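**Student:** Predicted model follows, preceded by the sequence.
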Amino acid sequence: MSTENNTSSFNSVFLTRGALTDVKINQLANWGKKLMDIGAVKGTEGNLSCRSSLGFIITGTNIPLNAINRETVAEITGVVYGLNKHSVYVKGMVNPSRETLLHTQIYEIREDVNVIFHAHDLDVMKQAVKLGIPVTELEQPAGSQELAQEAIKLLKLHRDMRYFILKNHGVVALGASIDEAGKLIEDMHARIKKKK
């Protein structure tokens with residue numbers, strides 16, 4: 001069964017419907033709450049993912065990060081790239097985040113990355129140049145293939161990079177573990193708050 005995901009450049013093809021059982025979902029939920037509490041994200045901004053045995057688990061589209069649970073995440077098991085629209089193969093109960101292509105392509109080129117946190121931390125974004133944080137060259141639409149490609153271009157220039165900014169869009173933290181990615185977002189946010 002295929003579902004058009006109107007907010008992105010892909011269709012979700014559901015292989016199974018039902019709550020997921022991966023134990024890492026609880027860790028993602030804890031970090032989602034923490035990032036909302038510190039103000040790194042608001043409303044339904046941001047998305048979190050981690051590798052799984054079949055691919056990766058990612059938060060659902062339009063799901064606040066403080067509402068992550070077994071029913072509000074999706075497992076991505078594969079992507080087929082089409083000329084006009086891509087197909088994303090999904091297990092779970094919700095459409096995956098519209099930034100699924102961004103996460104997919106980062107995992108494809110960075111075997112050392114097991115976790116991706118994407119937040120809309122405006123305070124950090126405003127201070128990026130001053131802090132020396134790498135920023136993508138061009139602004140691209142949210143959820144687009146072009147946005148994913150901008151991130152990949154930057155990652156190829158900085159092969160060991162763990163934290164960067166998508167121009168006028170948000171911050172991305174890459175970790176070997178869930179705690180590592182979460183701490184990157186938390187620590188950078190705290191640095192900015194101290195400077196104010």
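**Tutor:** Yep, it's here. Numbering: from 1, shown residues only.

**Student:** low-scoring pLDDT stretches of the chain, where are they?
**Tutor:** Scanning the chain for pLDDT under 70 picks out 1-8, 195-196.

**Student:** Show me the longest helix that occurs in it.
**Tutor:** If you go by DSSP state H, the chain has its longest helix at helix 178-195.

**Student:** neighbours around the closest residue to A173 other than its chain neighbours, how many?
**Tutor:** Among residues not flanking A173 along the chain, L184 sits closest, at 3.8 Å (CB to CB, 6 or more residues apart in numbering). Where you see a C-beta, it was placed from the backbone N, CA and C, and this is true even at glycine. Residues lying near L184 (other CB atoms under 10 Å) number 20.

**Student:** so where do the strands sit in the chain?
**Tutor:** 2-4, 10-16, 47-51, 56-59, 73-80, 86-92, 115-119, 163-166, 170-175 (DSSP state E).

**Student:** nearest to G143, of those strands?
**Tutor:** Nearest to G143 among the strands of the chain is strand 10-16 (8.4 Å), distances taken as CB to CB.

**Student:** elements contacting that closest one?
**Tutor:** The criterion is 3 or more CB pairs under 8 Å, 6 or more residues apart in numbering; DSSP states H and E, and the helices and strands that strand 10-16 contacts are strand 2-4, strand 73-80, strand 86-92.

**Student:** How much space separates the closest residue to G18 other than its chain neighbours from W31?
**Tutor:** The shortest distance from G18 to any non-neighbouring residue, by CB to CB, 6+ apart, is to M93 (6.5 Å). Using CB to CB, to the nearest Å, M93 is found at 21 Å from W31.

**Student:** same check, this time on Q127
**Tutor:** 22 Å.

**Student:** which one of the two has more residues nearby?
**Tutor:** The residue with more neighbours, out of Q127 and W31, is W31; 23 against 17, by other CB under 10 Å.

**Student:** So the residue nearest to that one when sequence neighbours are not counted versus G82, what's the distance?
**Tutor:** What sits nearest to W31 in space, not counting adjacent residues and going by CB to CB, 6+ apart, is G182, at 4.1 Å. Shown here: G182 relative to G82, a distance of 34 Å by CB to CB.
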